[in-house]
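>>> next comes the sequence, and after it the predicted model I'd like to discuss.
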Amino acid sequence: MSSTESTSTSEPVTPVLPPRRPRWWVRLRNAGILLLLIVIGWLSFRWWTARGPLPATEIYHGVTYACERLTPDEQGSGLMHWIRVDLKTPGIEIFTTPLDYPSPSEMEYRLRYTSTAVKEHDLAAAVNGTLYRAGDFPLPGRPARSAETVVSEHVVNHVDRSSFLLWFEDDMTPHMEATRPPGESVLRRARFGIGGNVMGVHDGAVTPYVGTSRRDSRTWLGLDPHGKLLWMAVFDDVTERRAAVEMNRLGATEAIPLDGGSSTEMVLGADARQVRPGAIMRTWIPNATHFGIRAQPFRP
């Protein structure tokens, strides 16, 4: 009896791999993913920080915030955010950026975002300050020099011949100098002060010196010295004249512009009541100086 044995041999099967993507294609894909994440992050930030019209709301003791949508015309449109401060309210304090470098010095401050200033100095609200010089590409922490005069706790950065000085005495009495530069007696009395290079509103009326027709984001300060009231305001897209008109409408009898455009910022403190705290208007460009206030929060 015979038997036949059958044997089978199997050769190893080599897996078929998909062709490798060219290196340039992989880099392009990764760049596309990164760009998509950046866009999603930017849109999320815009959604989170988006603000709309809001009636006047007292957010701290003596501090009222409101947002208005301006009637569009050739002088501007968009939102106006304003804060009114009753300087007679106990607990209200003025803040201007103190020097980071000893005076006299070519550089005076280190660049910071307004949100950083609000957090570091426990402010109820703040806006960006003066024009400044900080080299070709402003980054947080870089040295800078203010273009205008700033006074912080009786320390003057320098005297700028183009500055109209908005200032405060030790007892919070506010003043607006109608001549420039500020005199020595004023600088001796000023505990806090900040300069602007245009007198936009004076003695209750808009001045003829705000004639520029260029629309832009803008930051303004206003006073009613007799009523001891202060306004801080930021605008989406207006001319200087429209901003001055709106400040006058709010009740400011004296008003000056600060730095604007890509420097425009307003931030509310963490204890703001009945509104979302944080950035009202924010920019990626930091500022050399800031103007703000401290106030007592409402406690539950």
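That came through, no problem.

>>> can you tell me the centre-most residue of this structure?
Taking C-alpha atoms, centre = their mean as the criterion, Glu265 is the residue nearest the geometric centre of the chain, at 1.5 Å.

>>> surely that residue touches Thr289?
No - shown here, Glu265 and Thr289 do not form a contact pair, counting by C-beta atoms under 8 Å, at 11.5 Å. From N, CA and C alone the C-beta is placed, and that goes for glycine too.

>>> name the residues contacting each of the two.
Asn128 (C-beta atoms under 8 Å, 6 or more residues apart in numbering).

>>> give me the pLDDT for the residue nearest to the centre of the chain.
Glu265 is assigned 96 on the pLDDT scale.

>>> one more: the one 4 residues further on?
With respect to pLDDT, Gly269 has a value of 98.

>>> pull the number of nearby residues for it.
23 (other C-beta atoms under 10 Å).

>>> for it, list the residues it contacts.
Neighbour list for Gly269: Tyr60, Val118, Asp122, Leu123, Ala124, Ala125, Pro277, Pro297 [criterion: C-beta under 8 Å, 6+ apart].

>>> what's opposite the closest residue to Asn287 other than its chain neighbours in the beta bridge?
Nearest residue to Asn287, sequence neighbours excluded (C-beta to C-beta, 6 or more residues apart in numbering): Asn128, at 4.3 Å. Using DSSP bridges, the bridge partners assigned to Asn128 are His290.

>>> isn't Asn128 up against His290?
Yes - in this structure Asn128 lies within contact range of His290 using C-beta under 8 Å: 6.2 Å.

>>> which neighbours do those two have in common?
Listed as contacting both Asn128 and His290 by C-beta under 8 Å, 6+ apart are Thr114.

>>> residue boundaries of the strands in the stretch 151-300 of the chain?
Counting by DSSP state E, counting those that start in this stretch, the stretch 151-300 of the chain has these strands, from start to end: 155-156, 164-168, 174-176, 192-196, 201-202, 205-206, 216-224, 229-238, 254-257, 266-268, 278-281, 290-294.

>>> okay, now the sheet partners of the second one, with direction.
Pairing partners of strand 164-168, with direction, according to DSSP bridges: strand 174-176 (antiparallel), strand 192-196 (antiparallel).

>>> okay then, goodbye and thanks.
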